[in-house]
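> predicted coordinates and the sequence they were generated for:
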Amino acid sequence: MFVIMFFSFVKELPKKSFILCSILICLGLINVKAAEPSDALKLAQQLNQAFVEVAEKVSKSVVVVRVAKNPGAESQIDGQFRNSPFFEQLPEDMRKFFQQPERREPQQRPRSREPIFDGQGSGLVYREDGIIMTNRHVIEGADKVKIVFKDGREFDGDVLGLDRESDIGVVKIDATGLTSAKLGDSSKTKAGEFAIAIGSPFELNYSVTVGHVSAKGRRVFSDQFMFDQDFIQTDASINPGNSGGPLVNIYGEVIGINTLIRGMNTGIGFAVPVNLAKRVADMLIKDGKVTRAWLGVSITTLREDTDLRDLAKGVEDGVVVRQFVPGGPAENSDLQLADIITSVDGTRVKSAEELKRSLRYKSAGDTVKVGLMRNGEAKEVAVKTGAFPDEFSAVARSGRGAEDKPSEPANAKLLGMTVQNLNADLAERFEIENEEGVIVVAVEGDSVAAGKNIAPGDIVTRINSTQVDSVGAFNKATDELDLKKGVLVHLKSKGSQRFEVLKQYDE
């Protein structure tokens, strides 16, 4: 009887399969296993766990940097952003945006004379003995600095040093046995790698954002604002308050110090490479300041120098020596104006930034071997570097007018400028001492020479590679020149040496 009932049930199996399976599962006759995740899902889960582990590990070395000014002093915006080399370069609406979030809205200020901590940034433990690295613009101008750890510990901080050129600052706290951040090698960082930013944007402490290294070697501002510009660009979200915090790779190694953003919600942030940050921090710890090596020359990239590149012989890439800074280390070296530098200590340089990068880790006083091309001939000269001045401003041209007229009939003209032999009267008029060459006495307002900022009082010392010490020599050097190809005019102005390329264009 049971067998008959069983076979009747089987006949209706398609309709009753669900019920049958449920009964068999309950009786333990079918062993059901959960579906195994795919290899792709496993990989994603592993990557997810990697991000979690990196964030947990690195956060132990990340700190909140709080800054205060005494009541009645200006807002921390002046110390934290306004004195930053970046602040004045931002559009007005963006400056206002930066001013808002990084301040706590003052409610009723107590009458106490105690400073109020109303500014905040980020930082990292550089050394276990209490050395904290952050951005210069975070701590500059602060009366008090407080360092706060993730576990709630707070320490008063003393500023050891600030460096405008790299925007790095160093703070010391009274603590030992700290967990210092693991520093990577930013020279090995590659575009496309994962990048993780940890910091305190908008006072949201220990926020973690993930992106990629977008590019390396970025320049953002002109040299009058920053000397050291070699930023790592990232699309990891960086906002006000992230400044001074670490940018790390997937191994938990710090590859940069988050410094600034370009526009809100653009996914474009910039970090100081950690190799540069380390060098700067070590100098600040040791000496309280940073001493940089430099040559004291104004330079341009040959490929971008439209005037000179057509005249360059035997070279397509390099750096053009445009001007010597008066008193600079290269002024009395074997370098000459219009030399095209192609290497430093055997390392090829193709751009002005590559030349600066080649000197970035040199010490002032080091002698470097400079490979160059001069009039189509390869040469190598030794140049002793000097210390970059603490306060350096570009050589300003004097306001000499172009209306001055030649005082002697013996003159020569070239593309809008008129020159004469230098004599005592002209030397006195233009306040020139101990110079040789011919002097520019007039410049036509809309001429080629005027377009190159050549002005009366400038001394012409050479035309191309020919020395010029008289109007006769000037005429001989310029005779039969193809001005459509261009001519190199070497000049001196108030002790500063430079050259300009004058070229006649078809009308």
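Looks like it arrived, so ask away. Since the structure is predicted, the reported quantities are computational estimates derived from the model, not experimental observations.

> can I take it that T300 is in a strand?
Yes: counting by DSSP: H, G, I helix; E, B strand; the rest coil, T300 is part of a strand.

> now it. Nearest residue, chain neighbours left out?
Excluding the flanking residues, the one nearest T300 by C-beta to C-beta, 6 or more residues apart in numbering is V320, at 4.9 Å. Any C-beta I mention is one placed from the backbone N, CA and C, and that applies to glycine too.

> now G121
In space, G121 is closest to V138, 3.4 Å off (C-beta to C-beta, 6+ apart).

> next: L414.
Using C-beta to C-beta, 6+ apart, the closest residue to L414 is T478 (5.6 Å).

> check the offset of stretch 314-331 from the chain's centre.
21 Å (C-alpha atoms, centre = their mean, to the nearest Å).

> sec struct for the residue nearest to G121, please.
helix.

> likewise for the one 3 residues further on?
When states are read from three-state DSSP, the local structure at G141 comes out as coil.

> that one: how many residues sit nearby?
G141: 19 surrounding residues under other C-beta atoms under 10 Å.

> can you pull the pLDDT of G256?
G256 is assigned a predicted lDDT (pLDDT) of 96.

> my error: substitute Q49 in the last question.
Predicted confidence (pLDDT) for Q49: 93.

> before we move on, what about Y126?
pLDDT at Y126 comes out at 97.

> go on, R218?
Value for R218, per-residue pLDDT: 85.

> so it touches I232, yeah?
Yes: R218 is within contact range of I232, at 7.3 Å (criterion: C-beta atoms under 8 Å).

> between those two, which one's more packed in?
The residue with more neighbours, out of R218 and I232, is I232; 26 against 16, by other C-beta under 10 Å.

> against which helices or strands is the helix or strand that one falls within packed?
Assigned by DSSP states H and E, I232 belongs to strand 231-234. With contacts taken as 3 or more C-beta pairs under 8 Å, 6 or more residues apart in numbering; DSSP states H and E, strand 231-234 sits against strand 194-199, strand 207-218, strand 254-261, strand 269-273.

> for the ones you listed, which one sits closest to V63?
strand 194-199 (9.7 Å; C-beta to C-beta).

> got the angle between that closest one and strand 207-218?
120 degrees (axes from the mean of the first three to the mean of the last three C-alpha atoms, to 10 degrees).

> contacts made by strand 194-199 with the rest, please.
For strand 194-199, contacts defined as C-beta atoms under 8 Å, 6 or more residues apart in numbering pick out 51, 54-55, 58-59, 62, 121-122, 206-213, 232, 234-238, 241-250, 255, 258, 269.

> so how far is R164 from the closest residue in space to G327 that isn't next to it in sequence?
Nearest-residue entry for G327: G296, 7.5 Å, with adjacent residues in sequence omitted and distances by C-beta to C-beta, 6+ apart. Going from G296 to R164 by C-beta to C-beta, to the nearest Å gives 19 Å.

> cool, G177 as well?
Counting by C-beta to C-beta, the gap from G177 to R164 is 32 Å.

> quick one, which of these two is more surrounded?
Between G177 and R164, R164 has the larger neighbour count (other C-beta under 10 Å), namely 19 against 7.

> how far is stretch 333-341 from where the chain is centred?
26 Å.

> next one: stretch 457-469
36 Å.

> compute the first-to-last residue distance for it.
Taking C-alpha to C-alpha, to the nearest Å, the span from the opening residue of stretch 457-469 to its closing residue is 15 Å.

> that one: which residues count as buried?
For stretch 457-469, a neighbour-count test (16 or more other C-beta atoms under 10 Å) marks G457, D458, I459, V460, T461, R462, I463, N464, V468 as buried.

> out of the helices and strands packed on strand 231-234, flag the one nearest F474.
That would be, of the helices and strands packed on strand 231-234 and by C-beta to C-beta, strand 207-218, which comes in at 42.9 Å.

> would you mind getting the angle between the closest one and strand 269-273?
70 degrees.

> so the residue nearest to T300: helix, strand or coil?
Under three-state DSSP, V320 comes out as strand.

> next up, the contacts around it.
Counting by C-beta under 8 Å, 6+ apart, V320 has contacts I299, T300, T301, L302, D305, L308, A338, D339, I340, I341.

> same thing with V297?
V321, R322, Q323, F324, V325, G328, A330, L335.

> flag the least confident of those.
V325 (81).

> can you find the helix or strand of the chain with the lowest average pLDDT?
helix 77 (a mean of 39; mean pLDDT, DSSP states H and E).

> quick one: low-confidence parts of the stretch 301-450 of the chain?
Scanning the stretch 301-450 of the chain for pLDDT under 70 picks out the ranges 390-410.

> kindly recompute the last result at 50.
Along the stretch 301-450 of the chain, the parts satisfying pLDDT under 50 run over 392-409.

> ok, which stretches of it are helices?
Along the stretch 301-450 of the chain, the stretches classed as helices by DSSP state H, counting those that start in this stretch are 352-360, 424-429, 448-451.

> and the closest residue in space to D156 that isn't next to it in sequence, what element?
Closest residue to D156 apart from its sequence neighbours, by C-beta to C-beta, 6+ apart: K146 at 6.1 Å. Taking DSSP H and E as the definition, K146 sits inside strand 144-148.
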